[in-house]
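Novice: Build me a model from this:
(chains A and B)
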Amino acid sequence: MAEELQPKTTLGKSFPVKPKLKPKARTLSQTPESKYWSSFKTQQIQNLISSINSISFSQIPPHLFAAAHSASLTLFSSQTLSQHSVISSFKDVVSCSSFRSDGALLAASDLSGLIQVFDVKTRTPLRRLRSHSRPVHFVQYPFLDKLHVVSGGDDGIVKYWDVSSENVVLDLFGHKDYVRCGDCSPVNAEMFVTGSYDHTVKLWDVRVENSKSVMEVNHGKPIEDVMFLPSGGLAATAGGNSVKIWDLIGGGKLLYSMESHNKTVTSVCLGRFGNESGEEAMQYRILSVALDGYMKVFDYVNMKVTHSMRFPAPLMSVAFSPDGMTRVIGTSNGSIFAGRKKRENVESGLVNFWSLGRVEEPQKRLLRPTYFRYFQRGQIEKPSESDFLVVRPKKLKLGEHDKLLKKFRHKEALVCVLSGKNPENVVAVMEELVARRKLLKCVSNLDNEELGLLLSFLQKHSTIPRYSGLLMGLMKKVLEMRAEDIKASDILKSHIRNLKRSVEEEIRIQQSLQEIQGIISPLLRIAGRK
Amino acid sequence: MVIPSLLGQPTERNEKQHNIFAYVSVEDTRETTNPRKKKQPKPKPKPLHGRICKCNLTESRLAGGVTLAEMKVPQVITISPSGKYFGIRKHHKLLIWKVPDVESERMVMRKITMHHTKKMTVLAFHPTQRIVAAGDVTGRILIWRRFGDKTFAISDGLVDGNLMSSEEERPGVRDNDDADSCTTWHWHPSQVNVLNFSSDGAYLYSGGQEGVLVVWQLDTGKKKFLPRIGSPLLYFTYSPDPSLSSMSCADNQIHLLKMPSMEILKSISGIKLPCSVPEGYEALCRGIAFDQSAGLVALHTGNYCIQFYSLLDDRGISEVQVCERNHQPGDDVTVVVTLVALSQDGSMMSTAELKIAEEGIGGLVCLKFWASGSQNKEFSLSTVIYEPHRDAGISTVAFHPTRRLAVSSSYGGDFKVWICHDEFQQKDPMLQNSGWSCHAVGSYKKKAMTAAAFSADGSVLAVAAETLITLWDPDENVLVAVIGETLTPIMSLSFVGKSEYLVATSRGSKPQLSVWSMSKLSASWSYMLQIEAVATAVDASSFAVLALLPESPKCKELNGTVFQGRDGVILLFNATDPVPVASWSVRKAKGGFLAFLQVNPSSIQEYISDGKPPQTLLAYLNADHEYVLFDPYGEETHELSVIHREDLLASEESGQYGYASIYGELPEFQLKKNQATWTPSAPSEKPWETIFNGSSHNLPPLTKLCSAFLESLLEKRTAVVSD
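Specialist: The predicted structure is shown next:
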């Protein structure tokens, strides 16, 4: 109803002078996803020695995480991101660590080939598992299995240990090169995969008698990391600069190869996107880090990289806490980038909980004639639904220059925008003046001071590509028309000197750009020929 | 013609039956034939054509020998609302007569003259007092109060005691003009076209070339404005309802105004008239496009709008503001909408505008893409591209028939294929902003690209590089073939429906209409004809061209006899055959347009008498934007011009519920008036429709009816001669 009362006509409308539209980025600068991933408040933990070979989280809150660097293993609290404790009873560089599913024990391997099992609280080594003859790079507790450990070493053997007796239950042969990574199935305690530098990933099942791999897939590059996806039916492998997704149930079929890293992908882990309580169901993402310093978030449902972050060092390892609140990335130069999400939902829930207890509302103050609001009673009453709303026509906001243009005071309008701060408006007014055939007239009417304003504006902005088409032509005209005045005034001469300088600078830039163009154009020609 | 007694008090007329007299302003064309006239204006070099005569309406003859005034050109007589005075303007003078109380044939009329220094353009009488206002060409408004105190005083009872005002006390009155005072108001910068007193006499409305309605308070001279009407005002009338009045504008629009607040209640628009284009840019402007399926034409108007006008319904649908600039009707044109193109389904529009540089700086070419949300043709801006081909002008924009793809060709030597991004990003919710971006660029030997067209299935893009035609694959952007060549640069290209033929036209000293076969990649046939427009139907293999008749003296002679002043021919061709299927000759063909319109049979069925509606109609729009629709394939030509008029009026009335519910029913008078002054393009009557009205037993025998019916059709076809 409210709208019907208004005349629907374009007549009588006046248009203010508007600057040209700027080109918009084709993609939104922030998708909800990239917003989510950049909402982790990243904090740098420094002063660790050497590169961070591995990071692992405890499954049990408060989700401690262990970072393996040099010959020690540092435990951090994932809440405060502060150092919790250090385990340093290693003889060689620590390569890998894994918490047991109850979070009480921690297995860690080092390059001497020794695997040790620690009590997390006391940090004392409880068991030493020695059988690998070469450095061990992978050790992990199977899913919900407190008794066994899987390990793989540079001797190419995968071992299945009974921890309590320190005995090897199974030696799994088959890899022809270093075994550098592996992962245990998230749905089954008996199955795991290992990846090796012989380009293959093998799927093992300890229930199988002849200790041969159940399945093997060839990645095509030495494998740096391998991971089961939550269903247990898919696996992701990282090797070279690609991450590949495999369908294990479907016979080891390659589903997708993500090749957006420039250097070797060193580690992958599973990330979670979306909050648990929200409408959007939680989605899993693959986080991959590489030596090129990028962390990429890969959506393996849509097979698309959804976010990418750059860090100032080659990245070695990545881990994501099971509660989805902390993301830790280890670099090769001894620093850790730990990001933690703010816990908003829980806190607001707490507030709600407390506010429920308060039943009575804050008492309204009685309005008295001494109050200002006393005189405004009823004026801000909201319309009820059945009311007819007569909308006041929106008032057009006119800038100072618009008002002057409406009065045909062209020179004043130009001076008015020139003394303002917004170069877009200046150019817009100039364009309007061109359309009215008044710009050159205005220029010839400017007095010295105003001419100075114009010259300094032209000096600043005439080399900006968006404006240069108009401003460079105008500059020439101004210099032609007002040469006498400029010669007469020292201030104006200094403007001209500045202008000369910026012109020279621009010419230099153009020349170097042309050089670059000269370099690129043969390349483009070659690329186009293919 | 004015008839004073109609406006006079009705009581007078009841007393006795006397003759009704009319004063007519006529153009005397009998100058040479009538011997009686001859002797009067003999010594003058210029014969006086306009005369004011008195006419006895009751006996329907001229009152003998009474010629009130003579002038070079006939002038419109203006009568005061009270019916006591009437006047005309004659150069720098106003002539005012008083209507005698008791009229008779030989009555001597009293006359006064008001002098001014400028040419008068309009005059108006005050409804009750003796005040006359006149506007002149410079925009001044002069108001004489108490005119004719001396001359009319004796017989006029109204005169009061203040008659003795001396010469010195008459401010502003020239010479010996018979008025008490003369006031000059000068606000209008140019000629005053509209001058009208309000019905109670308190206000004076004026308007003119600059498109602003000014309301003057008569006593104080204070003024109020209704600005930005957008085109010169032509007429202004008020209705018996004092709160309502209407004005008409030069751009074929009527506005209903709510009076005290001067709000525009409603606008009724006819087809917009062609707008002026600055010198040297005429060739760039091809600002018209047809939506064949909906029967719409999109044409650009003076105030940077695109008007959508339904040719079938004969009414304006909507207007789209292309360029957000304030338009002043009087200004010289510096921003021009040069092109408009519509996609085949009418959902996308592209416009190109040109800002003309001031001494070489500040010129700008701008390409805009628009998308319509729904059926009502309300387009919203999707993408703006500044300088799409650097500073070169755009020659053509054409849309792909099925996909969201467009091509723009420029005189700068390249063409660009634009693609709309929601074509493939529609599913992705994260990328909200859709827009057009450049998909491919192509050029051929740096030649100016003068025209472009997609084939009916969209697999071939034909771009004219001056005299050659280059064929491209729009997806791969690969040059497929080059065919040519014509004698002069090609002006337009179009594929003939789904057939393999391509029609190219070129103008200049050696104009040419050529048809090219795509399968043989060679010319099929051609004519040396000056082609103004080409129309192709979507799925037929024939096309129509509008050809200008050559202007050589020999042809002119022929023109005079055969074509009777018609300067163009519409030729209907089958693409395979160089012999035209049909032809029609037309007037005002230069700057005209042609288009095939697809007709939805249900919409017009009831208006066609023979029951078989045509599938397609050919629309011809001439240089003055008058148009005609006809069935090019029919045995005899039906003129379907104004179809939905009655329906439209009904819908308009229903549209005024909001107003009517508050202020009561609108006076019927107003609407009738609008109807009468509506579009100049519509032939007014359709006699064949009424012939068959009535029940069948009342009708004369069919043999008689048939001839009458055919005759009526023949009469109608004034503008059309079939070959």
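
Novice: Break down the stretch 101-250 of chain A into its helices, ranges please.
Specialist: In order along the chain, the stretch 101-250 of chain A carries no helices (DSSP state H, counting those that start in this stretch).

Novice: residue boundaries of the strands in the stretch 201-350 of chain A?
Specialist: A:215-218, A:223-228, A:234-239, A:242-247, A:253-258, A:265-273, A:283-290, A:294-299, A:304-310, A:315-320, A:326-331, A:336-340 (DSSP state E, counting those that start in this stretch).

Novice: So what touches the shortest one?
Specialist: By that I understand strand A:215-218. A:174, A:199-203, A:237, A:246, A:248, A:251-252, A:254 (CB atoms under 8 Å, 6 or more residues apart in numbering or on different chains). Where C-beta positions appear, they are placed from N, C-alpha and C, glycine not excepted.

Novice: in which helix or strand would I find B:L256?
Specialist: strand B:253-258 (DSSP states H and E).

Novice: Is there any residue in that strand that contacts chain A?
Specialist: Yes - using CB under 8 Å from any CB of the partner chain, strand B:253-258 comes into contact with chain A via B:H255.

Novice: Go through that strand and flag the buried ones.
Specialist: For strand B:253-258, the neighbour count (16 or more other CB atoms under 10 Å in any protein chain shown) marks B:253-258 as buried.

Novice: Over to stretch A:265-277?
Specialist: Buried-residue list, stretch A:265-277, by 16+ other CB under 10 Å: A:265-274.

Novice: okay if I get the strands of the stretch 201-350 of chain A as TSV plus mean pLDDT?
Specialist: Putting the strands of the stretch 201-350 of chain A into TSV (pLDDT from 0 to 100) gives the following:
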stretch	mean pLDDT
strand A:215-218	90
strand A:223-228	92
strand A:234-239	92
strand A:242-247	92
strand A:253-258	90
strand A:265-273	89
strand A:283-290	90
strand A:294-299	90
strand A:304-310	88
strand A:315-320	91
strand A:326-331	91
strand A:336-340	89
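
Novice: got the contact list for the residue sitting nearest the centre point of chain B?
Specialist: Residue closest to the average C-alpha location in chain B (CA atoms, centre = their mean): B:L273, at 3.3 Å. With contacts defined as CB under 8 Å, 6+ apart, B:L273 is in contact with B:250-252, B:624-625.

Novice: From the residues you listed, list the buried ones, please.
Specialist: In these, burial by neighbour count holds for B:250-252, B:625, counting by 16+ other CB under 10 Å.

Novice: Among those residues, which one lies nearest to chain A?
Specialist: B:D251 (10.7 Å; CB to the nearest CB).

Novice: how about that closest one, what does it touch?
Specialist: B:230-231, B:269, B:272-273, B:301-303.

Novice: what about A:K176, how many residues close to it?
Specialist: A:K176 has 11 neighbours, counted by other CB atoms under 10 Å in any protein chain shown.

Novice: tell me the contacts of it?
Specialist: A:K176 touches A:156, A:196, A:198, counting by CB under 8 Å, 6+ apart.

Novice: residues of the longest helix belonging to chain A that come out buried?
Specialist: Longest helix in chain A by number of residues (criterion: DSSP state H): helix A:490-529. Burial within helix A:490-529, assessed by neighbour count using 16+ other CB under 10 Å, is assigned to A:492, A:495, A:499.

Novice: Chain B: which of those residues is nearest?
Specialist: Checking the buried residues of helix A:490-529 one by one against chain B (CB to the nearest CB), the nearest turns out to be A:L499, at 16.9 Å.

Novice: In contact with the closest one, which residues?
Specialist: A:455, A:458-459, A:475.

Novice: Filter those down to the ones in helices?
Specialist: Judged by DSSP H, helices contain the following of those: A:455, A:458-459, A:475.

Novice: how about a markdown table for those, with pLDDT added?
Specialist: Listed next are the ones in helices among the contacts of A:L499 as a markdown table, based on pLDDT from 0 to 100:
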| residue | pLDDT |
| --- | --- |
| A:L455 | 91 |
| A:L458 | 91 |
| A:Q459 | 90 |
| A:M475 | 91 |
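
Novice: Out of those residues, flag the one nearest to A:S213.
Specialist: A:Q459 (72.6 Å; CB to CB).

Novice: Report how many residues lie close to the closest one.
Specialist: Other residues close to A:Q459 by other CB under 10 Å number 20.

Novice: Quick check: it vs B:T450, distance?
Specialist: Going from A:Q459 to B:T450 by CB to CB, to the nearest Å gives 41 Å.

Novice: Likewise for A:S494?
Specialist: Taking CB to CB as the measure, A:S494 and B:T450 are separated by 50 Å.

Novice: now do B:G497
Specialist: 23 Å.

Novice: Name all residues that make contact with the residue of the stretch 101-250 of chain A found nearest chain B.
Specialist: In the stretch 101-250 of chain A, the residue that lies nearest chain B is A:I245 (20.6 Å; CB to the nearest CB). For A:I245, the contact set (CB under 8 Å, 6+ apart) comprises A:229, A:234-236, A:254-258, A:286, A:300, A:303.

Novice: Then B:R325 would be within a strand, right?
Specialist: No - residue state for B:R325 (DSSP: H, G, I helix; E, B strand; the rest coil) corresponds to coil; a strand is not indicated.

Novice: which residues sit in contact with it?
Specialist: A:15, A:432, A:435, B:304, B:335.

Novice: Just the buried ones from those residues, in PyMOL syntax?
Specialist: Filtering those down to the buried ones (16+ other CB under 10 Å) takes a single PyMOL command:
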select buried, (chain A and resi 432+435) or (chain B and resi 304+335)
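
Novice: out of the contacts of B:R325, which are inside helices?
Specialist: Using DSSP H, the contacts of B:R325 in helices are A:432, A:435.

Novice: For A:N448, state which of the contacts of B:R325 is nearest.
Specialist: Comparing the contacts of B:R325 against A:N448 with CB to CB places A:E432 closest, at 24.6 Å.

Novice: The closest one contacts A:P19, doesn't it?
Specialist: No - when contacts are counted by CB atoms under 8 Å, A:E432 is not listed as touching A:P19 (10.6 Å).

Novice: Just the pLDDT at B:K150, thanks.
Specialist: Predicted confidence (pLDDT) for B:K150: 74.

Novice: what are the phi and psi angles of it?
Specialist: In terms of degrees, to the nearest 10, the main-chain angles of B:K150 are phi -80, psi -50.

Novice: For chain A, see how far away it is.
Specialist: 45 Å (CB to the nearest CB, to the nearest Å).

Novice: Quick check: nearest residue in space to that residue, chain neighbours excluded?
Specialist: In this structure, B:K150 finds its nearest non-sequential neighbour in B:D178, 5.0 Å apart by CB to CB, 6 or more residues apart in numbering or on different chains.

Novice: contacting residues around residue 256?
Specialist: All of this refers to chain A. Per CB under 8 Å, 6+ apart, neighbours of A:Y256: A:244-245, A:300, A:303.

Novice: actually it's chain B I care about, not the one you picked
Specialist: So B:L256 contacts B:244-246, B:264-268, B:670 (CB under 8 Å, 6+ apart).

Novice: any idea which element B:M349 lies in?
Specialist: According to DSSP H and E, B:M349 maps onto strand B:348-355.

Novice: From the contact counts, what lies against that strand?
Specialist: In terms of contacts (3 or more CB pairs under 8 Å, 6 or more residues apart in numbering or on different chains; DSSP states H and E), strand B:348-355 is packed against helix A:423-435, strand B:335-342, strand B:364-372, strand B:394-399, strand B:405-410.

Novice: so can I have CSV of those showing mean pLDDT and distance to B:E324?
Specialist: Listed next are these as CSV, based on pLDDT from 0 to 100; distance: least, CB to CB, whole Å:
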stretch, mean pLDDT, distance to B:E324
helix A:423-435, 90, 11
strand B:335-342, 88, 10
strand B:364-372, 89, 11
strand B:394-399, 90, 20
strand B:405-410, 92, 22
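
Novice: what about the stretch 401-530 of chain A, any weak spots by pLDDT?
Specialist: Low-confidence segments of the stretch 401-530 of chain A (pLDDT under 70): A:530.
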